[in-house]
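> A predicted structure for the sequence below; I have some questions about it.
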Protein chains: 2
Amino acid sequence: MPGTTGYDATKSHSCGGCPPLSEIDAFVLMQQVLINGEWCNSIGTDGFSASNPATKTALELTFPVSPWEEIERAVQSAAAAAAIVRQWPGERFAAFLEAYADEIEKVAEAIIASANEETALPSEPRLKMEMGRATNQLRQAANAARSGSWAEPTIDTATNIRSMFGPIGPVVVFGPNNFPLAFNGISGGDFAAAVAAGNPVIAKGHSAHPRTTQLFAECAQRAATATDMPPGFVQLIYRTSHSDGAKLVSHPLIGASGYTGARHTGLVLKAAADQAGKPIYLELSSVNPVLMLPGALKERGEELAGEFSSSCLMGTGQFCTNPGLVLLVDGPDTELFIKAVAGKFSDAPVGTLLGEGVEKSLKSGIEALVDAGAEVVVGNAAADANRCCYGNTLLKVSGEAFLKNPAGLQAEAFGNASLFVVAKDGDELAAVISHLEGNLTGCVYSHTGGDDDALYDAVAPILRQKVGRLLNDKMPTGVAVSPAMNHGGPFPSTGHPGFTAVGIPASVKRFGMLQCYDNVRPHRLPPALQDKNPTGSMWRSVDGNWTQEEVGK
Amino acid sequence: MPGTTGYDATKSHSCGGCPPLSEIDAFVLMQQVLINGEWCNSIGTDGFSASNPATKTALELTFPVSPWEEIERAVQSAAAAAAIVRQWPGERFAAFLEAYADEIEKVAEAIIASANEETALPSEPRLKMEMGRATNQLRQAANAARSGSWAEPTIDTATNIRSMFGPIGPVVVFGPNNFPLAFNGISGGDFAAAVAAGNPVIAKGHSAHPRTTQLFAECAQRAATATDMPPGFVQLIYRTSHSDGAKLVSHPLIGASGYTGARHTGLVLKAAADQAGKPIYLELSSVNPVLMLPGALKERGEELAGEFSSSCLMGTGQFCTNPGLVLLVDGPDTELFIKAVAGKFSDAPVGTLLGEGVEKSLKSGIEALVDAGAEVVVGNAAADANRCCYGNTLLKVSGEAFLKNPAGLQAEAFGNASLFVVAKDGDELAAVISHLEGNLTGCVYSHTGGDDDALYDAVAPILRQKVGRLLNDKMPTGVAVSPAMNHGGPFPSTGHPGFTAVGIPASVKRFGMLQCYDNVRPHRLPPALQDKNPTGSMWRSVDGNWTQEEVGK
């Protein structure tokens, strides 16, 4: 397969870590890992292949499971790279990020084709749009690195104490299955943010789309070479054992980690990182409650049924912010709304899921909700045995039943399914909200004329504390890359309610450590903390005021 | 004892939680806890008393160990208070903080006298200065609350997405033994920051100075009443079991916790909070490495011996930023420096320690360093059996020996002791630094004429990544309350290298959660996110630029 970075017996390897040819017969077809600036043969003997969810057939390439020795080599290389780049100006990281975005655009079609094959997400418009988001994100991160304002340089002239965020150290990024481009471990938001903060990245690709990840890594490696980044600045492994993953995020030489994915695995990594005192930024499950207040349903119930159904079934419901829980107040308009959504769920084509694992977990997730007392309105049925999918499913439960088992009834069923909770009145609605776990988003639809305002005022403050992003009259599934975005929320939607995974420059700060300089001689200060504004436009807080001026001007 | 909040059989209690009189015979002398806006009798039957470290005698008052039922009542009350104040303007919290500072000043002498009795820290100048710092900190926090700029309101007009930090929920603060005023759980930096962010606080006083803490709480309660704060906004318990402490920081209704103190206890709390996904900001042990480069010692070794000895013995070495580890390069000037410090350590009076626990841990800490290979230069001997103290102790070890057991030789011996590590050359010095754990501070003294610059450039970048605050030619023991201060650092000095416990407004952000508003109707936005600047001077980031203007102006 031309252009792939699989084993090539004719190529000599200078990376220092490849096993000799005699030992690699067993995995002669294994794809290569990117370590210390070189594509090289894995020393691992276990391999895996992705499959096409649209056909349930295995794909051709085999990718290695990296053993610890190989991961350790990546960590050492990343630490060496971190030491080299630590004092580089943001311009250097910006140049790499922009070169990388350019490289990606040259082979965007191939990457999209691969992602389509590995995830069944449609090339048009979905993956094409996601690709635009990914390269845009890399360029926004480049701008943040170049500007340096993300680091919040703070100068107190009275005491001559100065501080700013500096790079935290090598970052490990675990990408999820549902956004193979814009959240990919080697091209997505965490990657972009970690690099913008000045850190090398070890990417752990998602096992469901290794070839897509590999194609990105080829671009990253070319960009790294073109912009003179040290070897080990960008590295890629495809899979590790769970215990090696835990060892990796708690490694003394690692600065921080980012993980987006299933809750169980994320919590295992969190426990390991927490114990070692290493920051880990998680994006775990979220059911994203949507409140449809009575006045809104009375006013525009049919329209909202359409808006909700589109949002919930878009991408076969496989968004982090998919509206998986709808909170309603009993009444005739609510009954009509449920009926209308049920009709749309029945009529809508059943989308293909990302893989057999997702199909299995969706089925068992729905089953768990039914066991917890939810009633099936439509769906909960197989759809097409030849591809990964499951019928669009709408479930319903009373507020009273929800309050008897709030944990069981807010468990995520990731995919094209949603649970409606029908409270008997506003008080019960408030009680249901107060029993919610932390979520990424919470939406409230209310009457445009103000009929719902009293109820809004009663429930919105409770919801506010439970979610990272509060929306009005809008579905949560769009996550704009805006400086004001919060793609985060209280546990267990993430691990810390003060951080966002999307939105530049806020997401960049996660990968900085606060570095203070007390009485440090002026020429030894980082340029961002010297009296002169190094770019002329960097925002700095000087004596309590934000300014772009030089100190003393 | 007039003015104390002990049990008073003539007083009727309306707090709803006090046990009936018939049940309280056993603890009729027990001091009261402050729960839900009332001083009331603890339901706990276990009590403890502080002692005077200057005389090793027990003090008169008995304070309760609060059982879980009592703690749970405090949590419920704090959660109710949080719901009430959540949308209050910063002005309300500022008014409380300022009234509190005023109340403290009215009884400052009594508080200082109590702190002196309970900690043996000298009233003048130490406790008087610390009191000034405490009230100044409360007023700085009031300014931050009033200004609102700490919340970093961020507005993106293109997408109409707006975000800011909002209150995280009730905060639990565990104060340490070594700063009974400025770090006290109910009056110190964490308390001030948590309130400035709009959160109720449950303070857990340190067992070594309960009466001092109680006096503060009386002031806090008066201020809370005067400024119409809800009951449960400020609460005080004195002691809990370790398991109840862990339960408290992981309680679903608690937003976050702050803990300053011993590493072991802090890690127990961290494990519990981490598992529940609750932020906990820790300040644990730190040996605060000081590098005395050869040129500096040649130039001004005698002067530096004096500067170091004063810093290390000040407050009997009981500062979080005490220089407990000095890194040197072998040579004649280094020998002279060690000799000079040894002389000063021998000559200096032996200060009184904070308590018998500190004396015991200092002895065992020194013993552990000796067991790990350190040689005693001076000290390691008893000083005065009638008070809590231990001889000023200077230890020494070679760089080579340090590198064989870096963990053992950087264990903290909290108090008037320090370990000198003598590396054979600059390379070994660099190796020693690269084996350091995370610390709050790191200092480098170098030749003023530049003779040490090559060595500085080789070692400072390594040290930089290990510490929160890097100093030049200055001892670490002063921690200014500056907006640029970082009183934080990599694990295990704290739990996250991105946060500071001292320095306003940065310390306030720890107790905020990021709250985003997406398409929320204008009148429902918090004032800080509406187009109009609510104070006219609040700093907000609008479309990527910091400004005090209205949106659209």
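Yep, that arrived.
> Give me the helices and strands touching the helix or strand encompassing residue A:432, please.
Residue A:432 belongs to helix A:426-434 when elements are defined using DSSP states H and E. Judged by 3 or more CB pairs under 8 Å, 6 or more residues apart in numbering or on different chains; DSSP states H and E, helix A:426-434 is in contact with strand A:289-292, strand A:325-329, helix A:399-404, strand A:417-423, helix A:453-464. For every residue, glycine as well, the C-beta is placed using N, CA and C.
> who's in contact with residue A:211?
Shown in contact with residue A:211 (CB atoms under 8 Å, 6 or more residues apart in numbering or on different chains): A:4, A:31, A:50, A:59, A:61, A:114, A:117-118.
> I misspoke; the intended subject was residue A:147.
A:90, A:535, A:537-539.
> Residue A:182 now?
Contact analysis of residue A:182 by CB under 8 Å, 6+ apart lists A:130-131, A:133-134, A:137, A:188-189.
> Which one (most neighbours) among the contacts of residue A:147?
Using other CB atoms under 10 Å in any protein chain shown as the neighbour test, those are led by residue A:90, with 25 neighbours.
> From what I see, that residue and residue A:198 are in contact.
Yes. Contact criterion CB atoms under 8 Å: residue A:90 and residue A:198 qualify, at 7.3 Å.
> Residue A:424 is in contact with residue A:401, isn't it?
No. Between residue A:424 and residue A:401 there is no contact under CB under 8 Å: 11.1 Å.
> Same drill for those two, tell me which one is more crowded.
residue A:401 (18 against 13).
> Centre of the chain to the helix holding residue A:432, how far?
Counting by CA atoms, centre = their mean, to the nearest Å, helix A:426-434 is centred 30 Å from the centre of its parent chain.
> What of stretch A:345-360?
Worked out by CA atoms, centre = their mean, stretch A:345-360 lies 21 Å from the chain centre.
> quick one on the thing from earlier: lowest-confidence entry in the contacts of residue A:211?
Within the contacts of residue A:211, pLDDT reaches its minimum at residue A:4, with 50.
> What about the contacts of residue A:182, which are in strands?
Assigned to strands by DSSP state E, none of the contacts of residue A:182 qualify.
> Now do the same for residue A:516: helix, strand or coil?
Look at residue A:516: counting by DSSP: H, G, I helix; E, B strand; the rest coil, its state is strand.
> What distance do you get for the closest residue to it other than its chain neighbours to residue A:503?
Leaving aside its sequence neighbours, residue A:516 sits nearest to residue B:486 (CB to CB, 6 or more residues apart in numbering or on different chains; 3.4 Å). For residue B:486, the distance to residue A:503 equals 24 Å [CB to CB, to the nearest Å].
> what do you get for residue A:301?
33 Å.
> Neighbour count: those two, which is higher?
residue A:503 (27 against 23).
> Which residue ranges of the stretch 51-200 of chain A form strands?
Taking DSSP state E, counting those that start in this stretch as the criterion, the stretch 51-200 of chain A carries its strands at A:51-52, A:57-58, A:63-64, A:154-156, A:161-167, A:171-174.
> Of those, flag the one that's most buried.
Stretch with highest mean neighbour count among the strands of the stretch 51-200 of chain A: strand A:171-174 (a mean of 28; mean count of other CB atoms under 10 Å in any protein chain shown).
> How is chain A divided into domains?
Here the domain assignment for chain A is A:88-283, A:289-472, based on automatic domain parsing.
> Tabulate these (JSON lines), appending distance to residue B:55.
Converted to JSON lines, the domains of chain A look like this (distance: least, CB to CB, whole Å):
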{"stretch": "domain A:88-283", "distance to residue B:55": "39"}
{"stretch": "domain A:289-472", "distance to residue B:55": "49"}
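> And the contacts of residue A:147, which is closest to chain B?
Proximity of the contacts of residue A:147 to chain B (CB to the nearest CB) peaks at residue A:539, which lies at 5.4 Å.
> Residue B:542 versus that closest one, what's the distance?
Applying CB to CB, the value for residue A:539 to residue B:542 is 12 Å.
> Over to residue A:163?
From residue A:163 across to residue B:542, the span is 24 Å (CB to CB).
> residue contacts, residue A:203?
By CB under 8 Å, 6+ apart, the residues touching residue A:203 are A:172-173, A:175, A:184-186, A:191, A:213, A:217, A:234-237.
> One more: residue A:384?
Residue A:384 makes contacts with residue A:350, as judged by CB under 8 Å, 6+ apart.
> Recalculate using a threshold of 10 Å.
A:350, A:352, A:390-391 (CB atoms under 10 Å, 6 or more residues apart in numbering or on different chains).
> What strand or helix carries it?
In the assignment (DSSP H and E), residue A:384 maps to no helix and no strand.
> Can you add mean pLDDT and give the strands of the stretch 51-200 of chain A back as TSV?
As requested, the strands of the stretch 51-200 of chain A are exported to TSV (pLDDT from 0 to 100):
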stretch	mean pLDDT
strand A:51-52	96
strand A:57-58	96
strand A:63-64	97
strand A:154-156	98
strand A:161-167	98
strand A:171-174	98
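> Between those strands, which one is closest to residue A:45.
Nearest of these to residue A:45, taken as CB to CB: strand A:63-64 at 8.0 Å.
> Parallel or antiparallel, list what pairs with that closest one.
Applying DSSP bridges, strand A:63-64 is found paired with strand A:47-48 (antiparallel).
> Can you pull the residues of the stretch 251-400 of chain A lying near chain B?
Applying CB under 10 Å from any CB of the partner chain, one finds that the stretch 251-400 of chain A approaches chain B through A:252, A:255-256, A:267, A:270-271, A:273-279, A:282, A:284.
> What's the PyMOL syntax to select whichever of those are buried?
In PyMOL, a selection of the buried entries from those looks like this (16 or more other CB atoms under 10 Å in any protein chain shown):
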select buried, chain A and resi 255+256+267+270+271+273+274+276+277+278+279+282+284
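> rewinding a little: what's the closest of the contacts of residue A:384 to residue A:155?
Nearest to residue A:155, judged by CB to CB, of those is residue A:352 at 54.5 Å.
> who touches that closest one in this structure?
The neighbours of residue A:352, taking CB under 10 Å, 6+ apart as the test, are A:52-55, A:119-122, A:316, A:318, A:358-359, A:383-384, A:387-389.
> rerun at 7 Å
Each residue near residue A:352 by CB atoms under 7 Å, 6 or more residues apart in numbering or on different chains is listed here: A:53-54, A:120, A:316, A:387-389.
> Please report the distance of it from residue B:85.
49 Å.
> quick one on the thing from earlier: what's around the residue nearest to residue A:516, how many residues?
Around residue B:486 there are 34 residues (other CB under 10 Å).
> Contacts only, for it.
A:163, A:514, A:516, B:468-469, B:500, B:503.
> Could you rerun that using 6 Å?
Residues in contact with residue B:486 (CB atoms under 6 Å, 6 or more residues apart in numbering or on different chains) are A:163, A:514, A:516, B:468-469, B:500.
> Which residue would be the closest one in the stretch 151-300 of chain A to chain B?
Closest point on the stretch 151-300 of chain A to chain B, by CB to the nearest CB, is residue A:277, at 2.4 Å.
> Excluding chain neighbours, what is closest to that residue?
In space, and not counting its chain neighbours, residue A:277 is closest to residue B:491: 2.4 Å by CB to CB, 6+ apart.
> Grab the nearest non-local neighbour of residue A:37.
Spatial nearest neighbour of residue A:37, excluding adjacent residues (CB to CB, 6+ apart): residue A:231 at 2.6 Å.
> Return the two entries of the contacts of residue A:182 that lie farthest from one another.
Spatially, the most separated pair among the contacts of residue A:182 is A:131 and A:189, at 13.9 Å (CB to CB).
> who's more crowded, these two?
Taking other CB under 10 Å, residue A:131 and residue A:189 do not tie; residue A:189 has more neighbours (31 against 22).
> roughly how far apart are that one and residue A:138?
With CB to CB as the criterion, residue A:189 and residue A:138 are 10 Å apart.
> so of the residues of the stretch 251-400 of chain A next to chain B, which ones are in helices?
The members of these that map onto helices under DSSP state H are A:267, A:270-271, A:273-275.
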